[in-house]
Each structure stands twice: as structure tokens, then as C-alpha cells.
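Chemist: structure, please.
(chains A and B)
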Amino acid sequence: MASDKFVSQIADIETDFPQWYTDVVVKTKLVDYGPVKGTMVIRPYGYAIWENIQRELDARFKAFGVENAYFPLLIPMSFMTKEAEHVEGFAPEVAVVTHAGGEKLAEPLVVRPTSETIIGHMFGKWVESWRDLPLRQNQWCNVMRWEKTTRPFLRTSEFLWQEGHSVYASGEEAEQETLSMLRLYESFAEKTLCMPVLIGRKTEKEKFAGAVATYGMEAMMHDGKSLQAGTTHYMGQNFAKAFGVQFTDKDGTLKYGYTMSYGVSTRLIGAIIMTHGDQRGLVLPPPVAPIQAVIVPIAMKKEGVLEACFALGKTLEKAGVRVKVDDSDNSPGWKFNEWEMKGVPVRVELGPRDIEANKMLLFRRDTCAKEEADLGDAAAVKTLLASISSELYAKAKARMQSRIVAAKDLDELLGGVNAGNFVRAGWCGERGCEDKVKEFAQATARVLAEDNSEAFCVCCGKPAKHTVFFARAY
RNA sequence: CGAGGAGUAGCGCAGUUUGGUAGCGCGCUUGGUUCGGGACCAAGAGGUCGUGGGUUCAAAUCCCGUCUCCUCGACCA
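Modeler: Coordinates of the predicted model:
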């Protein structure tokens, strides 16, 4: 049998989810491993998902007044060292270029792990007057962080992302927009990726190196572990001061700007897979699926079958559905499995019997249910895609909500994360307690809840300053 | 860096204990029959056995060195 091994691996989903994940991602040809350890080659099917994410996010950014730009890959080492916390945080994981043109460089160059420094440098030149603010720019690029352990999409040495960087005249404005951007991400995750997330502020320990405050959105994976799916950072004047981002204000005085940044990466693709995937393979949310409907001809050598399939393909395409007619010479059964594994939301089966009855068979990937529709009824396909989207979200949301539990002490917290839950608990705000929770339960503070409903710290029992969502994380 | 495991055809593996000149499944190529849940038949192509040395008439197999990869522990979008 072609993929007995693969099928058995998929069957292991509950017990060995990460391994299932890696196998599915590689075998469905989303990615391949690169020759350099920890790097991945994103293949066309996987990249198409990324392109859809880019398109959808760009539209949202544009509505927010963000422009796209591009900054260099190589950053002088001296830029990195200008912001003390920043260099300390990233030093262990940067790749450094020491030679070029056959000679040793006078100053080593860092392969960007993030671009705050080089963008800060350029913003320092560009910002002169209050009229230049707010300045909102975004770049789609690759970054490199030399990670010790890697997994496709979830953690790779090199990854694709967008990083937005903005400068404001006031701290209030910058901080406000840090939150607005977080909510933009949340809405994007829910509407476009059909993925519920928890948003909130990060603790000092989990904060971005050099930021005043970091906010994150966390998604819950099948196994109950948390994945940081996006972050926004309020930098205060830290980077503005390090790079001389100054402007003359309305009152004629020279002031430092306030900056913020935000990013999401190809990790979102991993989040989608881990959120919606099942035993049969991928389940892609319709808004980002490269192929939204695949048409599988049955008995396609029979008179008129292929013609009918291509005609239907044209009809669906005109209605705005991303569609593919699979006219390869594989057997229908093989095609069914192939496209289910690849997560195509809707399959249309079309054979002589259907054509005669002027019907088509619609199969939805999320529930594996079949229904009949009139042949060529594009509205039926679009309706089905829409309900798949909303049901995917509803299902994931219900799962997440059912797996958020409260804990009063460390044992309850440990039991909670062991059972694959996010654990809501009080925290005194002390780093020592945060560290102790990690040591005791291998769980980290994902985000702080908006409200503070817990009275006491889960660790030390002193009055709680915050309510925290703790979880194991990828 | 600490502990464990693995390198043999594109992929997954057997063969190593007890040396004898390379094998299986999938995939791939060609032709034919098929096609409503991973079809079948026939014929083919494809391997410096990670790498360097040693022992031997003879090494995938034994000995010494070395490199790489994977899994688990400390950092991270």
C-alpha cells in the first residue's frame, strides 16, 4: 500500500502530535528540509498559503495607513550594540558574516534577526518634523535566528515574516496603536485563519528585548500547547534615543519619537495546521487555502466527463473560487485521499451519473460530510466555503474555551497543563514566582488577562497583581 | 554542551551477531487493462553501503578514527 506508514503515523495524532505534524507538513509537500540545518524550503503549495496570508494582511495594513518598504538583510554589528537590552537578547542567536569579497571585514555584519536597529537608523534620517509623524512602514522579508531545536514552520532558523515599524510623536499614541495592531492581528486570526486566540500583555520575562511592553496573541494547538502567533511591541523612546529618531514638534522644540513594532511569521501556517488538522491530514481555512475546491472527475475517459469538469471549473472560477480540476491519471480514490491530506476545503465529485442527473456531489473536508447540489451551482459552493469557515472557527473556539481552567495552587496548575489546558491563575508579579512555575510545571506565562479576577498568587499565595494564562508552549 | 539512537537506490527499510562480491517495499520509466474511497499485469532504470585508515585471499559486515543527522534536557516569532 502506498502510504501504510504515513497512514499509521497519522493515526498517532493523539499520542504523538508533533511528529504527526512534521510528517504531514513534509509529505503534503508544503515544505522540504533545506541543506542547512534548521532551514526549510517552502514548496509552491505551502508558499501559496503564505501568499494568501500576505494578501489578506496587506489589505488590513493598508486600511491602517501602513506602507510597505524594504530594508537590507545585513546589519552592521555596531547597530546591534546601540540598544543594550536588544543586543543582549539577540546576541546568542544571530548569524554573523565575518568575510566578504575574499577578505575579513573590518566590521562584522549581522544577518537580521529583526530589523528594529537598521530601521531605527533609517527613521533617524527620515524623521525631521512633527509633520512626518506618524510614520508607519512594514516590510515582508526573511530573518534568521540560530535556534537550537527546529520544526518546520513552528521554529526554523530562517523564517519569512512581516515586521511593521512605526514612529509617533507621543507615547500615548504609540502605545494605543500597539494595542490596535494587536486587535488587528486578533481579528485576522479569527476571520481569515478561523483560529481563536488569546491576546494580552506579556510579562517582563517574556518581553521583546529592548521593548517597554510586549503584547502577544497565543493560539492553542491540538495538544493543548500554546503557540505565540503574533506580537506587538511598544518601545517607548528606547530605540528612538539609540538611533536619534528626533523631530521638531509644533512648539519648536526637538523631541525624541516613540516607536512600536509588530510582526507575524510563517509560523502562522504552522498554527493553522496544528489548530485545524486532523487524522487525515491538513484542514485549511477557506480564506487562505491555495485551492478552495478541487474537482475530481469520475470515470473521466467516458464521453463528456472531463468537458463537464472543466466547464464547472470555469463557472466556479468566475464566481471567485480558487479551483482545480484534477485530471491526472490517478484513480479517484487516490485523488480523494491526496486532496483531503492537503486540506482542500471542498471536493466536487463529478461522474456520468451526476451529469445525467444534472447534479454534483460536494464533499467538505472539515466534517467529511457529502451533499448533493445542482451541477454548476457556484453559489452552493460559496455558501459551503463560508459555513466551513465559520464552523472551523466555532469548533476551535469551543475547544479552546473548554480547555481554559483555573488553578489556585501549583499542583492544580501542573495538573491543568498536564491535561493539555491553558491555566488561568493569579500571580504576584514577582519574577521568582514566574520562574518557579516554569520549573515546577514546565509552563510559562503566555499573556496577562485583561481583568484581575484571582485574589492570590498561584505560587507564593501573596495577593495577586495579575491574572495570568499559563501554558506549555512551542 | 550532557544522555540515547541512526547513516545501505529518490523515500522507508532488511542484510552486520557467524566476512563470500547488494536485497525488499514504495516511488520513477515504458506498454496494456482499469477508474463512485489510495487499482492490476508485464517489462525496465536506479547503489563509490556517510567518510578515512587498518585486518583479510575477500569487508555493508570485524577493529580504530572521523563527519553528519535524529530524539530528549538549558534559549526562542
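
Chemist: could you pull out the helices in the stretch 1-150 of chain A for me?
Modeler: In the stretch 1-150 of chain A, the helices defined using DSSP state H, counting those that start in this stretch lie at A:4-11, A:17-27, A:44-63, A:77-80, A:84-90, A:116-126.

Chemist: report the buried residues of the third one.
Modeler: So the one you mean is helix A:44-63. For helix A:44-63, burial by neighbour count (16 or more other C-beta atoms under 10 Å) applies to A:45-50, A:52-53, A:56-57, A:60-61. (C-beta placed from N, C-alpha, C; glycine too.)

Chemist: got the residues of the stretch 201-350 of chain A near RNA strand B?
Modeler: By the rule C-beta under 7 Å from any atom of the strand, the part of the stretch 201-350 of chain A lying against RNA strand B is A:206, A:208, A:216, A:228-231, A:263-267, A:280, A:298-301, A:329-334, A:336-338, A:340-341, A:349-350.

Chemist: and the residue of chain A most remote from its centre, its phi and psi?
Modeler: Within chain A, the residue lying farthest from the chain centre (C-alpha atoms, centre = their mean) is A:Glu303, at 45.7 Å. Main-chain torsions, A:Glu303, degrees, to the nearest 10: phi -50, psi 120.

Chemist: rewinding a little: now the buried members of the residues of the stretch 201-350 of chain A next to RNA strand B.
Modeler: The buried subset of those - by 16+ other C-beta under 10 Å - is A:206, A:208, A:216, A:228-231, A:263-267, A:280, A:298, A:300, A:336-338, A:340-341, A:349-350.

Chemist: among those residues, which lie within strands?
Modeler: Among these, the members falling in strands (DSSP state E) are A:216, A:228-231, A:263-265, A:349-350.

Chemist: spatially central residue in chain A, please.
Modeler: The centre of chain A sits closest to A:Leu268, judged by C-alpha atoms, centre = their mean, with a distance of 1.9 Å.

Chemist: residues contacting that one?
Modeler: Residues near A:Leu268 by C-beta atoms under 8 Å, 6 or more residues apart in numbering: A:53, A:189, A:193, A:229-230.

Chemist: quick one, domains of chain A?
Modeler: A:4-276, A:291-386, A:404-471 (automatic domain parsing).

Chemist: switch the ones you listed over to JSON lines; also include mean pLDDT.
Modeler: Shown next, in JSON lines, are the domains of chain A (pLDDT from 0 to 100):
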{"stretch": "domain A:4-276", "mean pLDDT": "91"}
{"stretch": "domain A:291-386", "mean pLDDT": "96"}
{"stretch": "domain A:404-471", "mean pLDDT": "92"}
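
Chemist: the ones you listed: which one's closest to A:Ala396?
Modeler: Of all the domains of chain A, it is domain A:4-276 that lies closest to A:Ala396, at 5.3 Å by C-beta to C-beta.

Chemist: gap between that closest one and the chain center?
Modeler: From the chain centre to the centre of domain A:4-276 is a distance of 10 Å (C-alpha atoms, centre = their mean, to the nearest Å).

Chemist: helix or strand next in line after the helix ranked longest in chain A, which one?
Modeler: Looking across chain A with DSSP state H, the single longest helix is helix A:378-402. Downstream of helix A:378-402, the first helix or strand assigned by DSSP states H and E is strand A:404-406.

Chemist: A:Ala464 and A:Asp451: what is the separation?
Modeler: Separation of A:Ala464 from A:Asp451 (C-beta to C-beta, to the nearest Å) stands at 11 Å.

Chemist: so these two - more neighbours on which side?
Modeler: A:Ala464 (20 against 8; other C-beta atoms under 10 Å).

Chemist: which residues touch the more buried one?
Modeler: Applying C-beta under 8 Å, 6+ apart, the residues contacting A:Ala464 are A:426-428, A:452, A:454-457.

Chemist: if I've got this straight, A:Val423 is in a strand?
Modeler: Yes - counting by DSSP: H, G, I helix; E, B strand; the rest coil, A:Val423 is located in a strand.

Chemist: that one is in contact with A:Thr467, isn't it?
Modeler: No - applying C-beta atoms under 8 Å, one finds A:Val423 not in contact with A:Thr467, separated by 10.8 Å.

Chemist: any idea how far A:Asn330 is from the residue farthest from the centre of chain A?
Modeler: Counting by C-beta to C-beta, the gap from A:Glu303 to A:Asn330 is 21 Å.

Chemist: cool, and A:Gly343?
Modeler: Counting by C-beta to C-beta - A:Gly343 and A:Asn330 are separated by 18 Å.
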